[in-house]
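Undergrad: whatever this is, show me its structure:
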Amino acid sequence: MRIRPPRIIQGGMGAGVSNWRLARAVSELGELGVVSGTGLDQIMARRLQSGDPGGHVRRALGHFPLRQIADRILDMLYVPGGRRNRAAYRSIGMHEIEGSRQAQEFCIAANFVEVFLAREGHDNPVGINYLEKIQLPHLPSLYGAMLGGVDVVIVGAGLPLQFPAALDRLARHLPAEYCIDVQGLPAGDPATRMVFNPRDFRDRRQCELSSLKRPDFLPIVSSHTLALMLCRRASGAIAGFVVEGSSAGGHNAPPRGRTRFNARGEPIYGPRDDIRLDDIRKLGLPFWLAGSYGSPDGLRAALAESAAGVQAGTLFALCRESGLDPDVRRKLIAKAMAGEASVLTDGAASPTGFPFKVAEMEDSLSDPAVYARRRRVCDLGFLRRVCKGENGAFVYRCPAEPESAYIAKGGRPEDTVGRKCLCNALIANIGLPQTSAAGREQCLVTLGEDFTRIGRLFSAAAFDTTAADVVRFLREEKPSP
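TA: Now for the predicted structure:
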């Protein structure tokens with residue numbers, strides 16, 4: 001690795017839970033703070049329309065090297081004092097395989113802003129986390145993060161074979177390409193190839209930019225087989241792995257083999273899903289263990305397995321600097337302290353089809369009554385699947401969109417059952433819910449199984465924690481006087 005391997009990687013929890021404040025607080029302590037790269041364009045747009053409290057987005061955009069883009073974004077989206085009467089947020093559109101210049105400009109700027117703010121005021125490394133399944137914004141997002149000086153790129157929820165080559169090209173401001181998974185077309189078909197040229201976004205009067213730092217690349221894997229495949233087939237250098245078990249929050253890899261379910265409807269993981277660390281060690285790269293390792297015992301156990309350390313998410317998600325809406329955070333902590341914390345591995349919730357960890361909570365989409373009341377709408381579209389339609393045109397569909405629209409695009413009715421709009425729900429988690437005539441979007445929080453054990457790790461009086469408290473706890477250091 002180009003950076004000193006940290007013992008603790010703070011998980012990149014999306015959307016906006018792992019925000020710049022949390023990442024900066026962790027990085028300042030010498031561990032790896034990580035911002036979530038999920039939905040940053042939409043999050044930046046809503047922060048600006050909310051009046052940009054504290055002026056942080058505008059301050060970061062003041063350092064953005066692509067000045068004309070920053071000016072256009074501020075002219076279009078900044079609302080002094082914030083939108084009135086809880087009006088609906090203005091739409092900035094959805095990503096498509098043909099590539100919208102405006103959507104790409106938002107991605108470049110938003111990723112720059114989040115990384116810039118996370119790095120502001122210190123010289124320690126900062127990472128960013130992406131989901132492979134959200135492919136359409138990858139290239140402009142990466143370029144924006146690299147303009148911001150990101151040190152590590154972490155990618156999960158899929159097999160990110162194409163990232164290393166993209167990092168190599170974008171570091172030199174060269175055109176990069178990404179082949180999108182399109183249902184109905186073979187992998188590698190020319191029609192699936194998105195090309196992004198950084199020079200297209202440069203003011204012609206602007207001086208040449210110097211080469212950018214090429215970040216370390218850390219894919220998240222759930223098995224030694226995937227790690228080996230990445231070593232053999234990835235398009236460039238890999239710096240190590242985050243090795244994540246099925247108890248981690250967010251999306252989990254499906255069980256291997258035929259899936260069975262328990263009485264709660266959760267997929268059952270068995271011996272075939274155990275990660276063979278002996279084979280991971282043989283690859284000769286640093287690795288971090290994730291999934292219920294967020295404790296001093298977990299860190300010691302990881303180090304005993306020759307891991308470089310751990311990736312921890314849940315404790316950081318519940319600390320003060322987290323992007324979670326404060327009321328949501330307090331409700332979750334109260335449940336944990338009362339011994340009522342519950343996490344469901346929901347096999348139907350995510351439009352991706354991957355199992356998804358859901359923290360069960362009243363007034364959220366984990367409540368069947370709240371889910372049943374929500375009018376289906378797809379207006380963010382990050383998890384839409386690109387398909388080739390009967391007329392040869394691209395079709396974008398999501399099993400969480402209105403059933404009639406999904407079926408009209410060739411989807412199967414049974415695929416819509418139980419699907420939840422993660423895009424809107426996860427942004428609602430951070431206090432930026434969309435409002436419409438149909439009501440206000442409700443949250444859906446994802447946490448790891450560690451959530452159910454927090455009450456045994458902390459006393460109720462001690463859990464209004466900061467990121468520094470969590471780092472000291474994991475390191476087994478005494479609190480500062």
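Undergrad: quick check: buried residues in stretch 120-129?
TA: Across stretch 120-129, burial judged by 16 or more other CB atoms under 10 Å covers 124-129. All C-beta spots, glycine's among them, are computed from the backbone N, C-alpha and C.
Undergrad: where along the stretch 351-481 of the chain do the helices fall?
TA: For the stretch 351-481 of the chain, the helices defined by DSSP state H, counting those that start in this stretch cover 368-373, 403-408, 422-428, 454-457, 467-475.
Undergrad: correct me if wrong: residue 424 contacts residue 379.
TA: Yes - contact between residue 424 and residue 379 holds when scored by CB atoms under 8 Å: they sit 7.5 Å apart.
Undergrad: okay, and the common contacts of those two?
TA: Among the neighbours of residue 424, those also in contact with residue 379 (CB atoms under 8 Å, 6 or more residues apart in numbering) are residue 434.
Undergrad: re the thing from before, return the most buried member of the helices of the stretch 351-481 of the chain.
TA: Per-stretch averages of neighbours, counted by mean count of other CB atoms under 10 Å, single out helix 422-428 among these, with a mean of 25.
Undergrad: wasn't residue 187 part of a strand?
TA: No - going by DSSP: H, G, I helix; E, B strand; the rest coil, the assignment for residue 187 is coil, not a strand.
Undergrad: ok, it - how many residues close by?
TA: 9 (other CB atoms under 10 Å).
Undergrad: can you read off the pLDDT for it?
TA: pLDDT recorded at residue 187 is 74.
Undergrad: what sits up against the one helix or strand residue 225 maps to?
TA: Element membership for residue 225, per DSSP states H and E: helix 224-233. Contacts made with helix 224-233 from outside it, assessed by CB under 8 Å, 6+ apart, are listed as 159-161, 219, 221, 238, 241, 243, 275-277, 279-280, 283, 285.
Undergrad: number of nearby residues for residue 363?
TA: By the criterion of other CB under 10 Å, residue 363 has 13 neighbours.
Undergrad: quick one: residues contacting it.
TA: Residue 363 neighbours (CB under 8 Å, 6+ apart): 370, 442-443.
Undergrad: tell me the mean pLDDT over stretch 117-129?
TA: 97.
Undergrad: check what pLDDT the residue nearest to residue 326 when sequence neighbours are not counted gets.
TA: Residue nearest to residue 326 in three dimensions, not counting chain neighbours: residue 431, with 7.8 Å by CB to CB, 6 or more residues apart in numbering. Per-residue pLDDT puts residue 431 at 94.
Undergrad: tell me if I'm right that residue 431 and residue 329 touch.
TA: No - contact criterion CB under 8 Å: residue 431 and residue 329 do not qualify, at 10.2 Å.
Undergrad: more neighbours: which of those two?
TA: More crowded of residue 431 and residue 329, by other CB under 10 Å: residue 329, with 20 against 16.
Undergrad: which strands and helices lie in contact with the host helix or strand of that one?
TA: Counting by DSSP H and E, the element that carries residue 329 is helix 326-337. Here helix 326-337 touches helix 454-457, going by 3 or more CB pairs under 8 Å, 6 or more residues apart in numbering; DSSP states H and E.
Undergrad: can you put the contacts of residue 363 in TSV and add distance to residue 31 and pLDDT?
TA: Shown next, in TSV, are the contacts of residue 363 (distance: CB to CB, whole Å; pLDDT from 0 to 100):
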residue	distance to residue 31	pLDDT
370	36	92
442	33	93
443	28	94
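Undergrad: hmm, back to that, looking at the helices of the stretch 351-481 of the chain, which has the lowest confidence?
TA: helix 454-457 (a mean of 70).
Undergrad: quick check: buried residues in stretch 328-339?
TA: Buried, per 16+ other CB under 10 Å, within stretch 328-339: 328-329, 331-333, 335-337.
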